[in-house]
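# take this sequence and fold it.
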Amino acid sequence: MPLFSSFVRGAAASWLGLVLLMASPALLAAPLRTASVASPGNILSVTLEVDGGTARYRVQRLGDTVVEDSKLGFELRDGRLDRDFEIIETTRRSVDESWEQPWGERRLTRDHYNELTVALRQATAGQRRLDVVFRVYDDGVGLRYVFPEQSGLREAIIDEELTEFAIAPDSTAWWIPAGEPIHYEYLYQRTPLREVPTVHTPVTLRSHDGLHVAIHEAALVDYAGMWLRRTEGQRLRAQLSPSAEGWKVRRTLPFSTPWRTLQIADRAGGLVESDLILNLNEPNALGDVSWVKPSKYLGVWWSMHLDEESWATGARHAATTAKTRKVIDFAAANGFRGVLVEGWNPGWDGNWVGNGYDFDFTRPTADFDIEALSAYGAKKGVHLVGHHETGCAIEHYEDQLDAALDLYARLGVDSFKTGYVCDDGQVDRRNPAGGPLWREWHDGQFMARHHLKVVQEAARRHLSVNPHEPIKDTGLRRTYPNWISREGARGMEYNAWGQPPNPPEHEVNLVFTRMLSGPMDYTPGILSLKGRHGQAIPSTLARQLALYVVLYSPIQMAADLPEHYLQHRDAFQFIKDVAVDWEQTRVLDGEVGDFVTIVRRDRNSRDWFLGSITDEQGRVLPISLGFLEPGVRYRAEIYRDGKDADYRSNPFAFARETREVTSADQLTVVLAPGGGQAIRFTPL
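Take a look at the predicted model:
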């Protein structure tokens, strides 16, 4: 009887279940808790999971965890948007297309990814919506949030973003601090990830088993820049750059955030070769940009950093008509398209650092005839390169922006450099209430808007922009190709007056950190190897040449004084010959902070150029020439460290030689301590 009773109860339960299923199938459908997407080659996978109302994601590579469960969400001014989530919908798409860069490290770029969009809704009063979008490539991941249009939420006031990056494998990190006075201009530190403080991106990681990861962001538009704060162990959390108004970001719905990016590669060079940051930006918004001209330029510039001349007017003023004419003559004689002139306009007298209210961008000083010099340069095929130092008086500059750019456009000054010299967090902004000035950060939402405004206004007049002390690069050069370069790191001027100057490992570090974000106007080519008052620059002569290939920029400055180039004509020949716009780029070998060898093919010829640099340690590197066109003989013009070269004791030891090679050959590149080598390969 007990057995029979159990059978009856079980049958009844089964029949009841069947009746319920027929009546309402949704009662048995479990709510969706996870969603996953893999890269096209199944190299990387991303899973989003909602557990207890909290949304977290994780990243795996070939089955190994790279990013452990990491939180998603926001702190809004009127409540938290990081809990009580449920997944209400998922959508997917795949893209495989190529696009052409008008200028860049390579002509053609493949954009191949699988995308997952997860629509989240808070199961609380308000039913707020937030979409999370993942684009997964074989070499990286992009993650962004979308605030869709929705009732009850017209704008989002973001106090903080809560995105986490919980790095799974024990890793070493290369980083610079965030929230400090001199913005991005620090030497890179190398520490265990577990010891990292609050840092800027890109931050580069290498696990103990050799996996390389770089964390950054792409398409930073109308939003605060992302810093990373370590919370515990190897868990990093987004921290948005501050705003004078208290909140970090204020936007009207609908809108998308910048992409949070993870570049992932077995070797350090794979990070450099990745196109993830560019691919996550919108296509060219300007149409025909044939007026953007990659080129090399000279400048009335280095003498001021040497303290031989001055930006200020008076007896030591560098930006005079007579001096600029001489530099234009030298540029024309040696094939340089541009001449940068700093100190050409009123405002440089007195203390202008962080106090740019005396700058006038619409007229020159009395001893600088900008009209005559522009015409003189045009006859010789040389363009003046403009300069607008703001001293961080942002709206004072914007008040004059239209007139200043109109002046440049009329005179044929088709590119210009901007400057924002002040301590970070001390950018001036007018208080709309008329009280004391507000203070902003170089990478807050206010400055993100400002930089884009300058670029857009410049584009309307067919002008290109090269900001120094800028907001970080996030690949917007794809959308606005006239955003042609920028500084955003410790550049060559620190070798003139820095204490200490940039050590040899610094430029190697830049390749695998700062340069992952985009081009840098490092201003190489100091063949005198001397800074202010004879301070030695930590470099060999050949290394200064290799920097033109290693540190990418579509505009490259020959930063030294003309007389120093005449003293080193053999070395100067490479600076005259090296290209700036590339058909292809490859990293042959390299390790973060140690050494790197890069080859690039000129977009306008069949020439290849090689640059190789090392840190304080000398190295012997075997280089396969398999990148050359098979079956073609090349003349290799080699500029190398000479016998017993050493950046400390014998920096001018230098040799230039020529040999014939093919793609089947191998070269042995010998780098002195702090040294380098540059080679031009020309088909015969």
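# centroid-nearest residue for this protein?
Taking CA atoms, centre = their mean, the centroid of the chain lies closest to Ser517, which sits 2.3 Å from it.
# grab the nearest non-local neighbour of that one.
Take Ser517 and drop its neighbours on the chain: the residue closest to it by CB to CB, 6 or more residues apart in numbering is Asp473, 4.1 Å away. Backbone N, C-alpha and C define where each C-beta goes, glycine included.
# pop out the phi and psi values for that neighbour.
Dihedral angles of Asp473 (phi, psi; degrees, to the nearest 10) stand at phi -80, psi 130.
# tell me the SS of Lys323?
Under the three-state scheme (DSSP: H, G, I helix; E, B strand; the rest coil), Lys323 adopts helix.
# what's the burial count for it?
Lys323: 17 surrounding residues under other CB atoms under 10 Å.
# skipping adjacent residues, who's closest to it in space?
Val300 (6.2 Å).
# ok, that neighbour touching Leu340?
Yes - between Val300 and Leu340 a contact is recorded at 6.9 Å, counting by CB atoms under 8 Å.
# more neighbours: the two, which one.
With neighbours defined as other CB under 10 Å, Val300 and Leu340 compare such that Val300 has more, 27 against 23.
# please name the bridge partners of that one.
Val341 (DSSP bridges).
# and the strands in the stretch 451-600 of the chain?
464-467, 555-557, 582-591, 595-602 (DSSP state E, counting those that start in this stretch).
# can you check which of those gets nearest to Glu563?
strand 555-557 (16.5 Å; CB to CB).
# who touches the closest one?
Residues from elsewhere that reach strand 555-557 (CB atoms under 8 Å, 6 or more residues apart in numbering): 294-299, 301, 338, 340, 415, 464, 466, 484-485, 521, 523-525, 548, 578, 580.
# check stretch 388-404 too.
Applying CB under 8 Å, 6+ apart, the set of residues contacting stretch 388-404 is 342, 347-348, 352-357, 359-362, 416-422, 426-430, 440, 446-447, 450, 453-454, 457.
# make a ChimeraX selection of the buried ones in those.
In ChimeraX, this line selects whichever of the contacts of stretch 388-404 come out buried by 16 or more other CB atoms under 10 Å:
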select :342,347,348,352,355,356,359,361,416,417,418,419,420,421,422,427,428,429,440,446,447,450,454,457
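# in helices only, show me the contacts of strand 555-557.
Counting by DSSP state H, those place Tyr548 in helices.
# next secondary structure after the worst-scoring helix or strand of the chain on mean pLDDT?
Counting by mean pLDDT, DSSP states H and E, the weakest-scoring helix or strand in the chain turns out to be helix 2-23, with a mean of 40. Scanning forward in sequence from helix 2-23 by DSSP states H and E, the next helix or strand is strand 34-38.
# paired strands for that following strand, with orientation please.
In its sheet, and by DSSP bridges, strand 34-38 pairs with strand 44-51 (antiparallel).
# just the pLDDT at Phe512, thanks.
Per-residue pLDDT puts Phe512 at 98.
# count the neighbours of it for me.
Neighbour number of Phe512 under other CB under 10 Å is 26.
# and it, how far from Gln150?
42 Å (CB to CB, to the nearest Å).
# check Leu120 too.
12 Å.
# tell me if I'm right that Asp111 and Ser94 touch.
No - using CB under 8 Å, Asp111 is not in contact with Ser94, being 11.1 Å away.
# okay, now Pro524: neighbour count?
Neighbours of Pro524 under the rule other CB under 10 Å: 25.
# surely it touches Ser553?
No - using CB under 8 Å as the test, Pro524 is too far from Ser553 to be in contact (9.2 Å).
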